[in-house]
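**Student:** Next comes the sequence, and after it the predicted model I'd like to discuss.
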Amino acid sequence: MKSNNEENVEISKREGVWSTPLPNEMKLNSAFREFRNVILIFSVKESGKFQGFARLSSEAQYDLEPVKWVLPPGVQSCPFGGIFFIDWICRNELPFTRTSHLYNAFNEAKPVKIARDGQEIEPKTGEELCRLFPSDNLVDLIPMLKRMKKQTLNRPRKRHSRGPFMDFNEAGNNGVSRHDSYRNKISSHHLSLKSSSTTLSLHSIK
C-alpha cells in the first residue's frame, strides 16, 4: 500500500485499519475471500523505505465510524471506500537499498520497490522481502494467530495451484531478543512461510 504521507500509515499502525480506493478495495475483498492470508506491504511515497507489513483480517466494512484520514492537498472529499481491519506483523522500516536484489516477476521483473496500483508480488519474492524486515518486538503475534486460526475454521478457502506465501501455524512461547531479525522471529514463533496465501503491495493515493 503506497501512502502519500506518513500520518495515514501511523493511523493504521495505531488503530489497525486501512482504507483504499474502490478498485483496490475490490481486489482486497476478493483476495480475502479466496486466500488464507493476504499480506499488505506499506510504503510512504518518496520515503525510500517500506514502513512495515500487515495481514488483512477482514473485508471492507461500511457500518463503522469513519476514520479521519489525512487527504492529499486539494482533495475535499474522501476518495476511499470501506474500512479494512488489519493485523500489523512488523511496524519497522526497511530501506529500499536493502531490497535492490529483489525483482518482481509479476511486474515485468522490475525492482520490488516499484509497483502500480493493485500490484501483486510474486510469492517467493514477497516472502524474501518480508524476511528482510527487522524484528518488531512490540508486536504480539499470538492474538493475530488465534484470530487467523478461527477465521480459517469458519471460512475454508479454495485450493489453488498457485498460492502465494504465508502460512502462519500456531505460535510457540519462545521469546526473541531485540537484536533478532524478522527471519529469526519467524523461526522462534514456529511460523512456516510457504505457499498458501497471497501478498499484495497496493499503491493508493493516500
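**Tutor:** Looks like it came in fine.
**Student:** Tell me the buried residues in stretch 94-112?
**Tutor:** 94, 96, 99, 102, 104, 106, 107, 112 (16 or more other CB atoms under 10 Å). From N, CA and C alone the C-beta is placed, and that goes for glycine too.
**Student:** mind listing what the closest residue to the third one other than its chain neighbours touches?
**Tutor:** Ranked by CB to CB, 6 or more residues apart in numbering and with sequence neighbours excluded, the top spatial neighbour of residue 99 is residue 112, at 5.5 Å. Residues touching residue 112, when contacts are defined by CB atoms under 8 Å, 6 or more residues apart in numbering, comprise 99, 102, 103, 104, 121, 125, 129, 201.
**Student:** Could you dump these into CSV and include pLDDT?
**Tutor:** Formatted as CSV, these follow (pLDDT from 0 to 100):
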residue, pLDDT
99, 98
102, 98
103, 98
104, 97
121, 94
125, 96
129, 97
201, 47
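**Student:** Tell me the one among those nearest to residue 18.
**Tutor:** Nearest to residue 18 among these, counting by CB to CB, is residue 201 at 13.1 Å.
**Student:** picking that back up, which two among the contacts of residue 112 are spaced furthest apart?
**Tutor:** Taking CB to CB, no two of these sit farther apart than 103 and 201, at 13.1 Å.
**Student:** phi, psi of residue 85?
**Tutor:** Here is the backbone geometry of residue 85 (degrees, to the nearest 10): phi -90, psi 140.
**Student:** what's the pLDDT at residue 146?
**Tutor:** With respect to pLDDT, residue 146 scores 87.
**Student:** just the one 3 residues further on next, same as before
**Tutor:** Looking at residue 149, its pLDDT reads 83.
**Student:** In this protein, where is pLDDT below threshold?
**Tutor:** Filtered on pLDDT under 70, the chain yields the residue ranges 117, 156-206.
**Student:** can you pull out the helices in it?
**Tutor:** All helices of the chain, identified by DSSP state H, fall at 6-15, 22-34, 123-132, 141-154, 182-188.
**Student:** Next, format those helices as a markdown table and append mean neighbour count and distance to residue 74.
**Tutor:** Output for the helices of the chain, formatted as a markdown table (neighbours: other CB atoms under 10 Å; distance: least, CB to CB, whole Å):
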| stretch | mean neighbour count | distance to residue 74 |
| --- | --- | --- |
| helix 6-15 | 17 | 16 |
| helix 22-34 | 18 | 20 |
| helix 123-132 | 20 | 33 |
| helix 141-154 | 14 | 37 |
| helix 182-188 | 18 | 38 |
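**Student:** Noted, bye for now.
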